[in-house]
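Participant: here's my sequence, what's the structure:
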Amino acid sequence: MSNFTLHDQDSAPEASKPLLQKSIDAFGMVPNLHAVMAESPQLLEGYQRVHELFSNSSFDKDELTVVWQTINKAHSCGYCLPAHTAVAQMMGADESITESIKTDAKLPNAKLDVLRDTTLAMVESRGNLTDAQLDNFYSAGYTHQNLLDIVLGLSQKIMSNYTNHIAKTPLDEAFQQFA
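Facilitator: Numbering: from 1, shown residues only. So this is what the prediction gives:
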């Protein structure tokens, strides 16, 4: 049974209050994921910082969406799939990406398909990619930095996906249309 608190500015530990304000500034609300994470100010701060770092990594908005949503689907995260659909929309990412990932359909271009395949292989093999997988990734035009940035994105998604699994985080009303 999960009985995690959805913290707000009044109930959150003191160290989480400015972090929740940062969430409000970014999203106009405190997403339930952040409300749960507020129980551990260190986790919430780490998540926010890694999100910021990954958002400013070597990937563009479509590639970020591919990495996030591939991991969300692989981890069966019923909270993050719709939440990141909203984030993708806010960023102006190609709206077909999430649906293609959910249905295992082809992505808008072959390079994005390689990124999805590599990201999924990273998840499933726990980072133990084969030489053929690496060759395919680099042949598509990706770099060592891109590969390491997948690790960064995976780190972010482990924090959120695992938190959502153990806390059974309820989906925010703002994200329900994307469920």
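Participant: show me where the protein has helices.
Facilitator: 17-27, 32-37, 41-55, 61-74, 80-91, 96-103, 110-125, 131-139, 144-167 (DSSP state H).
Participant: CSV for these, including distance to residue 4, mean neighbour count and mean pLDDT?
Facilitator: Backbone N, C-alpha and C define where each C-beta goes, glycine included. Putting the helices of the chain into CSV (distance: least, CB to CB, whole Å; neighbours: other CB atoms under 10 Å; pLDDT from 0 to 100) gives the following:
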stretch, distance to residue 4, mean neighbour count, mean pLDDT
helix 17-27, 15, 16, 95
helix 32-37, 5, 26, 98
helix 41-55, 12, 17, 97
helix 61-74, 20, 24, 98
helix 80-91, 16, 20, 93
helix 96-103, 26, 17, 94
helix 110-125, 25, 18, 98
helix 131-139, 37, 13, 98
helix 144-167, 4, 19, 98
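Participant: spit out the contact partners of the closest residue to residue 121 other than its chain neighbours.
Facilitator: Spatial nearest neighbour of residue 121, excluding adjacent residues (CB to CB, 6 or more residues apart in numbering): residue 133 at 5.2 Å. By CB atoms under 8 Å, 6 or more residues apart in numbering, the residues touching residue 133 are 117, 118, 121.
Participant: please tell me how far the second one sits from residue 24.
Facilitator: Residue 118 sits 35 Å away from residue 24, going by CB to CB, to the nearest Å.
Participant: over to residue 166?
Facilitator: Taking CB to CB, one finds residue 166 at 24 Å from residue 24.
Participant: a markdown table please, covering the contacts of residue 133 and showing distance to residue 172.
Facilitator: Converted to a markdown table, the contacts of residue 133 look like this (distance: CB to CB, whole Å):
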| residue | distance to residue 172 |
| --- | --- |
| 117 | 31 |
| 118 | 30 |
| 121 | 31 |
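Participant: nearest to residue 3, of these?
Facilitator: Distance ranking of these against residue 3, using CB to CB, places residue 121 first at 36.4 Å.
Participant: so residue 7 is in contact with residue 38, correct?
Facilitator: Yes. Residue 7 is in contact with residue 38 according to CB atoms under 8 Å; the separation is 3.8 Å.
Participant: the two: who's more crowded?
Facilitator: Regarding residue 7 and residue 38, a neighbour count based on other CB atoms under 10 Å identifies residue 38 as having more, with 26 against 21.
Participant: so what's the backbone phi/psi at that one?
Facilitator: The phi/psi pair for residue 38 (degrees, to the nearest 10) reads phi -60, psi -20.
Participant: contacting residues around it?
Facilitator: Residue 38 neighbours (CB under 8 Å, 6+ apart): 7, 12, 13, 16, 19, 20, 30, 44.
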